[in-house]
Every structure is written in C-alpha cells, then in structure tokens.
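In: sequence and predicted structure, then a few things I'm wondering about:
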Amino acid sequence: MAADLTVTQITQGSGPVCNSLLRSLPLWFGIENAIQQYVKDVEGMPTFVAYMKEEPVGFVSLNLHNEYTAEVHVMAVHPDFHRKGVGRRLLNEAESFLREREFQFLSVKTLSPSRPNREYEQTRKFYFSAGFRPVEEFKNLWGDANPCLLLIKFLSAPSF
C-alpha cells in the first residue's frame, strides 16, 4: 500500500478533491452547507493530496493563522483507506511543510467527547496518536449540539 501512495501539494483545484472526499464520509461530513463552505475555503489554502494510482484517496488543507500557528482546516481520507497510513502520511507532509517555514504549532478542531459519537471518537484517537493534545472545549462554537474540542501539537522550538 505505502509504495503505491504518493502525496503532492497542490495549489489549484483542491475544491473538487475536497468535495468528492467529504461526500464519501457522510458520518463525519453530512451537512451540505458545511461541505460547500469547505470546498470554497480550501481553494486558497496549502493542500496536500494523497493519491493511489492517480486517484485521490485523502487530503488535508491548512489554514495559516499567523507566523507561528497553522490549523488543520479540513482533512478527509476515503473510508476504504482508513487505518492504512494515509492520514498519517498526509499529516507528516503537512508538518514538514510547516516546519520548513518555522511554524511552531499545529492545531485542529473536532467534536468534543462531551457529545458521544463513535466516528469522532476514532478521529480523536487518530489525532492523539499523531501527538495532538487537548487545549480547550468550546461548548457553543459550532452550536450547542456540537461542542468543539481544540487540539494542538508542538512542531518546533523558535529559532532566535
């Protein structure tokens, strides 16, 4: 599997890849207006796409907040490729990109465990295994029914 997987940073055309992959994950991305917003958002963001035999199977888009901190704005891996190293490879590529630019932190927001959900429990386990740690829960950032958990990962010490 890993030998056939390639990851490429794309600067144009990430919207259609985002659209296709988010729609393959209705248990995570089931809100139509949210999908449409993600598709618009990623067009202006650094995006890394994982390909298997020239077919996109995953992507991650980064929101560069400031010179120190970036955020995983949206990430998706086709369900046929879950638990096969695709997500880890995408994060590694994104983190290398950020470290080269001397970013110190990478954050991600996901559904908080205070709202039990099996799919998002898997998501949190993935991010925890990748070195992210919880910072804060926002009870109504996404509305009262969807509490948000902010996770952060230390990338590198500042160079003075």
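Out: Cool, the structure landed.

In: distance check, Tyr38 against Gly15.
Out: Using Cβ to Cβ, to the nearest Å, Tyr38 is found at 9 Å from Gly15. (Each C-beta comes from the backbone N, C-alpha and C, glycine too.)

In: the two - which one has more neighbours?
Out: Neighbours per residue (other Cβ atoms under 10 Å) separate Tyr38 from Gly15, with Tyr38 holding more: 20 against 17.

In: per-residue pLDDT, that one?
Out: pLDDT recorded at Tyr38 is 96.

In: what's the answer for Phe160, then?
Out: Reported pLDDT at Phe160 in the predicted model: 65.

In: just say helix, strand or coil for the most centrally placed residue in the chain.
Out: Nearest to the mean C-alpha position of the chain, by Cα atoms, centre = their mean, lies Met75 at 3.0 Å. Of the three states, Met75 takes strand according to DSSP: H, G, I helix; E, B strand; the rest coil.

In: quick check, pLDDT for the nearest residue to it once chain neighbours are set aside.
Out: Nearest non-adjacent residue to Met75, counting by Cβ to Cβ, 6 or more residues apart in numbering: Val60, 4.2 Å away. Val60 is assigned a predicted lDDT (pLDDT) of 98.

In: helices along the chain, start to end?
Out: Using DSSP state H, the helices found in the chain span residues 14-23, 32-42, 86-100, 118-129.

In: those into a markdown table, with extra columns for distance to Thr110?
Out: As requested, these are arranged in a markdown table below (distance: least, Cβ to Cβ, whole Å):
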| stretch | distance to Thr110 |
| --- | --- |
| helix 14-23 | 15 |
| helix 32-42 | 14 |
| helix 86-100 | 13 |
| helix 118-129 | 5 |
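
In: for those helices, which one sits closest to Ala157?
Out: Nearest to Ala157, of all the helices of the chain, is helix 86-100, at 10.8 Å by Cβ to Cβ.
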